[in-house]
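Trainee: Take a look and give me a structure for this.
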Amino acid sequence: MKRKKKLFNWMGLLAVAALLFVSACSARTTGGDQDDGEKGGSVGKGTIKIGVLASLTGALEAYGKQTVNGFELGLDYATNGTREVAGKKIKVIYEDTETKPDTAVQKATKLLEDDGVDILVGSSSSGDTLAVLPLAEEYKKVMIVEPAVADSITGANWNKYIFRTARNSSQDAIAGAQAIAKEGVKIATLAQDSAFGRDGVAAFKRAAEKLGAHIILEEYADPQGVDFTSNIQRIIEKKPDYLFVIWAGANSPWKQLSDMKVQEKGIKISTGAPDIAALKTMDGIVGMEGFTVYHYTLPKNKINDWLVEEHKKRFNGQVPDLFTPGGMSAAIAIVEALKKTNGDASGDALVKVMEGMSFDTPKGKMTFRKEDHQALQTLYAVKLERREGFDYPVPVLIRELTPEETEPPIMNNR
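Mentor: The predicted model follows:
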């Protein structure tokens, strides 16, 4: 009986010890910084987790993949290939939003709750991004917006955890207006009926009217549509001097604008020069003067040189495209901020160092404006020309539009 009693006593002690061990392990894996790399967050050893939201399928798939490729290259460039900062490893988790706001919220919630990410990046669509912004504030996590451009992201829907390396609609608008707007000019606009399109037109209208132009028609088309005949016909009937087009995605109107001989009817087309795939559909508007966010031949600096050469090495000779440098810039900004916080990835610590922070990118120096965290940056006034060695019209530089020239209005009422 004594041996049995002793045995039960030992079993009881072992059970208590096991419970204590489990409790200790549980306490160690919920919250706080992790020595084993399972959680990021504050100073010390561990892993910093970054969740990237992008359209990896659907109409904006090309934009999403460009962003992802740029982000990967940017992490390697900024960390000299180590994927470490302040003694912490960097882990990236990618999620496809499918260009659906509801899906974007689900994926962002999964990244924040299940994966425990410290920082969010994204997304390709303004609609997706606007849906996710409140989560950044709720979880107190910094979100780098790239490449979504709707003004409301750093305007009416902004919160202090939102930073944007992408340019916004107003920056595009100012660049576009400088290309064509002047006293007495009549302009029609064509854009997708979306947050991206409507914000873009509103911003362009403000900028163009300041220069004395008149916006005589705002035409909005189905974002998923492929037949724009009725939209273009209404534009032709209004007889504007210029048609300014704001578009994103593979279902672009360029071929129909050419087929309906818009320019031959005396209407000059102007737009932001898009990615290479879309440029290949723009033979009919060679000579168009407008602006662009990026073409790999335009910036002249060492980071862009590195980006072009490294991109060719990794992607079978392909050059970086329209949103590749944006992904790279977002990664560089994150690494530079983490250096300043000594690896503290908490939202409030990052906000403190990122407000007003300048950092070098493939497009030159960017600065997160303190008031709304919008990155001030260079854009490019260009003309589409045929060039030997290219199977598409090439955006040829007219002049660089400096960050000061394209600085947008502050719209967040901070």
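Trainee: Residues touching stretch 115-122, excluding its own?
Mentor: 38-41, 48-54, 67, 71, 93, 97, 104, 108, 111-112, 128-129, 132, 135-136, 141-146, 148, 330, 334, 345-346, 350 (Cβ atoms under 8 Å, 6 or more residues apart in numbering). From N, CA and C alone the C-beta is placed, and that goes for glycine too.
Trainee: Of those, keep whichever come out buried.
Mentor: 39-41, 48-54, 67, 71, 93, 97, 104, 108, 111-112, 128-129, 132, 135-136, 141-146, 148, 330, 334, 345-346, 350 (16 or more other Cβ atoms under 10 Å).
Trainee: Just the ones of those residues in strands?
Mentor: Judged by DSSP state E, those include 48, 49, 50, 51, 52, 53, 54, 93, 142, 143, 144, 145 as members of strands.
Trainee: what sits against the spatially closest residue to the last one that is not a sequence neighbour?
Mentor: Spatial nearest neighbour of residue 145, chain neighbours left out: residue 164 (4.0 Å); criterion: Cβ to Cβ, 6 or more residues apart in numbering. Contacts were defined as Cβ under 8 Å, 6+ apart; by that measure residue 164 touches 144, 145, 146, 148, 153, 154, 373, 374, 375.
Trainee: State the distance from the fifth one to residue 132.
Mentor: Here the criterion is Cβ to Cβ, to the nearest Å. By it, residue 153 lies 10 Å from residue 132.
Trainee: Kindly report the same for the last one.
Mentor: According to Cβ to Cβ, residue 375 stands 18 Å off from residue 132.
Trainee: quick revisit: and the contacts of residue 164, which two are furthest apart?
Mentor: 148 and 373 (13.8 Å; Cβ to Cβ).
Trainee: Can you give me the end-to-end span of stretch 92-111?
Mentor: 10 Å (Cα to Cα, to the nearest Å).
Trainee: residues of that stretch that come out buried?
Mentor: So, applying 16+ other Cβ under 10 Å, buried residues of stretch 92-111: 92-101, 103-105, 107-108, 111.
Trainee: Stretch 78-94 too?
Mentor: 78-79, 83-86, 88-94.
Trainee: So for that stretch, mean pLDDT?
Mentor: Stretch 78-94 comes out with an average pLDDT of 97.
Trainee: Can you list which of the buried residues of stretch 92-111 are found in helices?
Mentor: Secondary structure defined by DSSP state H assigns 101, 103, 104, 105, 107, 108, 111 of the buried residues of stretch 92-111 to helices.
Trainee: Please identify which of these is nearest to residue 203.
Mentor: Nearest to residue 203 among these, with distances taken as Cβ to Cβ, is residue 101, at 21.5 Å.
Trainee: Give me the below-cutoff pLDDT ranges for the protein.
Mentor: 1-45, 414 (pLDDT under 70).
Trainee: Going along the chain, name the helices of it.
Mentor: Going by DSSP H, the chain shows helices at 2-28, 61-78, 101-113, 126-139, 169-180, 195-210, 229-238, 254-259, 276-279, 302-314, 324-340, 347-354.
Trainee: Need those helices in TSV (columns: distance to residue 403).
Mentor: TSV is the format used below for the helices of the chain (distance: least, Cβ to Cβ, whole Å):
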stretch	distance to residue 403
helix 2-28	46
helix 61-78	19
helix 101-113	29
helix 126-139	22
helix 169-180	9
helix 195-210	16
helix 229-238	33
helix 254-259	29
helix 276-279	25
helix 302-314	16
helix 324-340	13
helix 347-354	17
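Trainee: quick one: which of those helices is nearest residue 246?
Mentor: helix 195-210 (4.0 Å).
Trainee: buried stuff in that closest one?
Mentor: 195-208.
Trainee: ok, back up a step: tell me the one of the ones in helices among the buried residues of stretch 92-111 nearest residue 409?
Mentor: Looking across those and measuring by Cβ to Cβ, the closest to residue 409 is residue 101, at 25.9 Å.
Trainee: mind checking how far the closest one is from residue 167?
Mentor: From residue 101 to residue 167 the distance is 22 Å (Cβ to Cβ).
Trainee: is it possible to export the buried residues of helix 195-210 to a markdown table including distance to residue 186?
Mentor: Formatted as a markdown table, the buried residues of helix 195-210 follow (distance: Cβ to Cβ, whole Å):
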| residue | distance to residue 186 |
| --- | --- |
| 195 | 27 |
| 196 | 24 |
| 197 | 20 |
| 198 | 21 |
| 199 | 22 |
| 200 | 19 |
| 201 | 15 |
| 202 | 18 |
| 203 | 19 |
| 204 | 14 |
| 205 | 13 |
| 206 | 17 |
| 207 | 16 |
| 208 | 10 |
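Trainee: and residue 259, how many neighbours?
Mentor: Residue 259: 11 surrounding residues under other Cβ atoms under 10 Å.
Trainee: contacting residues for the residue nearest to it when sequence neighbours are not counted?
Mentor: Distances taken as Cβ to Cβ, 6+ apart place residue 284 nearest to residue 259, at 7.8 Å, with adjacent residues excluded. The contact partners of residue 284, taken as Cβ under 8 Å, 6+ apart, are 254, 255, 257, 258, 259, 263.
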